[in-house]
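*Asks:* Below is the structure, and that's it, no one-letter string:
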C-alpha cells in the first residue's frame with residue numbers, strides 16, 4: 001500500500017479532506033468552515049470513543065474489539081488534526097518572517 005493512498009483514505013474517513021478543485025471553483029466552502037467541520041468530526045470521534053469505553057467499563061458492551069477500533073479512530077483523527085495544526089503554524093511563521 002503506498003503512502004499517498006493510505007493517507008488519503010485515513011483523511012477521508014476522519015472527515016478531514018476536501019478536493020482542491022471544489023475549493024478553487026468557489027463552491028462556497030470557506031477554509032474556516034472546512035476547518036471547523038474537521039474539528040467537529042474529531043470531537044465526535046473522541047466522544048464516541050469515550051462512550052464506548054464507558055459502555056465497556058459498565059458492562060453494557062462486551063465487545064472489546066469495537067471499543068479499541070473506536071479509540072484508535074479517535075487517536076488517528078486527533079493526530080492528523082495536530083499535524084495539520086503544526087503545518088499551519090509553520091506556514092504562518094514562515095510568512096511572518098518574510099520581508100516586505
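*Replies:* Structure's in. What do you need? Owing to the predicted nature of the structure, the values given are computational and were not obtained by experimental measurement. Numbers count the residues shown, from 1 in each chain.
*Asks:* With residue 95 as the reference, measure out to residue 87.
*Replies:* From residue 87 across to residue 95, the span is 13 Å (Cβ to Cβ, to the nearest Å). Placement of C-beta: from N, CA and C, glycine included.
*Asks:* no no, residue 74
*Replies:* The gap separating residue 74 from residue 95 is 32 Å, by Cβ to Cβ.
*Asks:* So for those two, which sits in the more crowded spot?
*Replies:* Neighbour count, other Cβ atoms under 10 Å: between residue 74 and residue 95, residue 74 has more, with 22 against 8.
*Asks:* Kindly state the pLDDT recorded for the most centrally placed residue in the chain?
*Replies:* With distances taken as Cα atoms, centre = their mean, the residue of the chain nearest its centroid is residue 77 (3.8 Å). We have a pLDDT of 97 for residue 77.
*Asks:* just residue 28 next, same as before
*Replies:* Predicted confidence (pLDDT) for residue 28: 75.
*Asks:* any idea which element the closest residue to residue 78 other than its chain neighbours lies in?
*Replies:* Closest residue to residue 78 apart from its sequence neighbours, by Cβ to Cβ, 6 or more residues apart in numbering: residue 42 at 5.9 Å. Taking DSSP states H and E as the definition, residue 42 sits inside helix 31-58.
*Asks:* one step back: isn't the residue nearest to the centre of the chain right up against residue 45?
*Replies:* Yes - Residue 77 is within contact range of residue 45, at 4.9 Å (criterion: Cβ atoms under 8 Å).
*Asks:* Regarding the closest residue to residue 46 other than its chain neighbours, what is its secondary structure?
*Replies:* Closest residue to residue 46 apart from its sequence neighbours, by Cβ to Cβ, 6+ apart: residue 74 at 4.6 Å. At residue 74 the chain is in helix, as set by DSSP: H, G, I helix; E, B strand; the rest coil.
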